[in-house]
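In: Fold the following for me, if possible:
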Amino acid sequence: MMKEKEVVLTREGLRKLEEEHENLKAVKRREVAERIKQAIEFGDISENSEFEDAKNEQAFIEGRILTLDKMLRNVKVIEDTGEAQNQVTLGSTVILKDLEFNETLEYTIVGAAEANPMKNRISYESPVGAAAMGHAQGDELEVHAPAGVMKYILEEIR
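Out: Sure, this is the predicted structure:
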């Protein structure tokens, strides 16, 4: 049997997944079961769009619960020690200076399950995250991305 992939999360990320998991199991399952029951009471379910919508939602919820079960079984929590870091690790927040556009960027390096580029949370597996891992303040990073090679200076690690 193949080993399942480790899911790397911060404490906050773990808490959010556990809350979503509990909400799906305790609230959403019940809500969709009630919708299905009401749709069946309308009679002929062969042409009942409400019944179809509810069954599709039920399938989505059950699939998400299974996904979350698997993720929670394989979780590795990264701890924030609160100490200044000399090197970029999972959980680090980095300040990067883009050498081409002279822009300053801030990212928090997290596991893939928590990544949200819109909130400046990038995966350690992403091009920028992978390039930053293990580096120290002042290092020049060369990021190989689909758009080409980008260069940054690692200005700060928090």
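In: ok, and for the one helix or strand Arg15 maps to, which residues are buried?
Out: Taking DSSP states H and E as the criterion, Arg15 maps to helix 11-23. Across helix 11-23, burial judged by 16 or more other C-beta atoms under 10 Å covers Gly13, Leu14, Leu17, His21. C-beta here means a position set from N, CA and C on the backbone, and glycine is covered the same way.
In: Equivalent analysis for stretch 109-126, please.
Out: Ile109, Val110, Gly111, Ala113, Glu114, Ala115, Arg121, Ile122, Ser123, Tyr124, Ser126.
In: Among the residues you listed, which ones are in helices?
Out: Secondary structure from DSSP state H places none of those in helices.
In: How about Ala33, nearest residue that isn't a chain neighbour?
Out: Excluding the flanking residues, the one nearest Ala33 by C-beta to C-beta, 6 or more residues apart in numbering is Gln58, at 7.5 Å.
In: so that neighbour, which of the three states?
Out: Secondary structure, DSSP: H, G, I helix; E, B strand; the rest coil: Gln58 is helix.
In: How much space separates it from Ser49?
Out: 15 Å (C-beta to C-beta, to the nearest Å).
In: before we move on, back to that, what about the residue nearest to Ala33, neighbour count?
Out: 17 (other C-beta atoms under 10 Å).
In: any idea how far Glu22 is from it?
Out: For Gln58, the distance to Glu22 - C-beta to C-beta - is 18 Å.
In: rewinding a little: and of the buried residues of helix 11-23, the nearest to Glu155?
Out: Using C-beta to C-beta, Gly13 is the member of those that lies nearest Glu155, at 25.3 Å.
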